[in-house]
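Engineer: the sequence isn't on hand, but the structure is:
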């Protein structure tokens, strides 16, 4: 199915989502939460919601938007993600998410699409906004417009203020996918090889969640209310079982620049243009 440029501007939703504390805990485990983060893992202590959980109620809407955009699904990879948190609600009630195709762009060899979502509670209070950048590796050269220019935040040329080590396990992608991202690229070795990878890779959003946790611990005193926004471009794959290294600098223009690599390839960032806004 070719990419559908006419899908730009089309919307989906609102679609309902009824969060349970089990969903919040499963997501936290999927992005590496440990026993010393019990407030995210135990219902008697909340559980508190990790800010990057914002992607979970958006999954069904984004899947519908995929269908509107079209393209070859075997070549589809996640190119980047933004999350902005307006309010962290408790895991109860009924949330409503709407989505929109913001753009479909031609890079000649590749193509990209940008999707957005908004999640509100049943009183109309805005909880989360998300932006998804998708890369279509087999669909470039269709004659569409180029993507708009973006500014990037690079780590300063000095030592980071903090550094955190986050270890994944070989089953990490199999655990994370239970929160709703069922792409077989992250589970099935045959699908991974057909897509050009030696083995199933970790979801970009799983790495994104690990980074969010690292920022909470290092820059927010563990308080999820303080993490306002997080952005990352997914540059290189992470293999389940690899060890993430997250480094952060003092805020510049209200944003913390981050560097994310893996111990196994320390000179090759796996995420780029990574930044966080904190209170």
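Structural biologist: Happy to help now that I have it. Quick caveat, the model's predicted, so the values are computed rather than measured.
Engineer: what residue, apart from its backbone neighbours, is nearest the residue nearest to the spatial centre of the chain spatially?
Structural biologist: What sits nearest the mean C-alpha location of the chain, by Cα atoms, centre = their mean, is residue 205, with 3.4 Å. Among residues not flanking residue 205 along the chain, residue 55 sits closest, at 5.6 Å (Cβ to Cβ, 6 or more residues apart in numbering). Using the backbone N, CA and C atoms, a C-beta is placed for each residue, glycine as well.
Engineer: and for the one you found, the neighbour number?
Structural biologist: Close neighbours of residue 55, defined as other Cβ atoms under 10 Å, add up to 23.
Engineer: and residue 76, by the same measure?
Structural biologist: Other residues within reach of residue 76 by the criterion other Cβ under 10 Å amount to 21.
Engineer: quick check: phi and psi on the residue nearest to the centre of the chain?
Structural biologist: phi -70, psi -20 (degrees, to the nearest 10).
Engineer: okay, it: pLDDT?
Structural biologist: What the model reports as pLDDT for residue 205 is 96.
Engineer: same thing with the one 3 residues further on?
Structural biologist: For residue 208, the model assigns a pLDDT of 98.
Engineer: buried sites along the worst-scoring helix or strand of the chain on mean pLDDT?
Structural biologist: The least trusted helix or strand in the chain, going by mean pLDDT, DSSP states H and E, turns out to be helix 189-194, with a mean of 90. The neighbour-count check on helix 189-194 (16 or more other Cβ atoms under 10 Å) flags residue 192 as buried.
Engineer: now the helices for the protein?
Structural biologist: 21-30, 59-69, 172-176, 189-194, 204-219 (DSSP state H).
Engineer: for the shortest one, name the packing helices and strands.
Structural biologist: In terms of contacts (3 or more Cβ pairs under 8 Å, 6 or more residues apart in numbering; DSSP states H and E), helix 172-176 is packed against helix 21-30, helix 204-219.
Engineer: export those helices to TSV and tack on distance to residue 151?
Structural biologist: TSV is the format used below for the helices and strands packed on helix 172-176 (distance: least, Cβ to Cβ, whole Å):
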stretch	distance to residue 151
helix 21-30	30
helix 204-219	20
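Engineer: among those, which comes closest to residue 70?
Structural biologist: Among the helices and strands packed on helix 172-176, helix 204-219 comes nearest to residue 70, with 20.9 Å by Cβ to Cβ.
Engineer: so which bits of that closest one are buried?
Structural biologist: In helix 204-219, counting by 16+ other Cβ under 10 Å, buried: 204-219.
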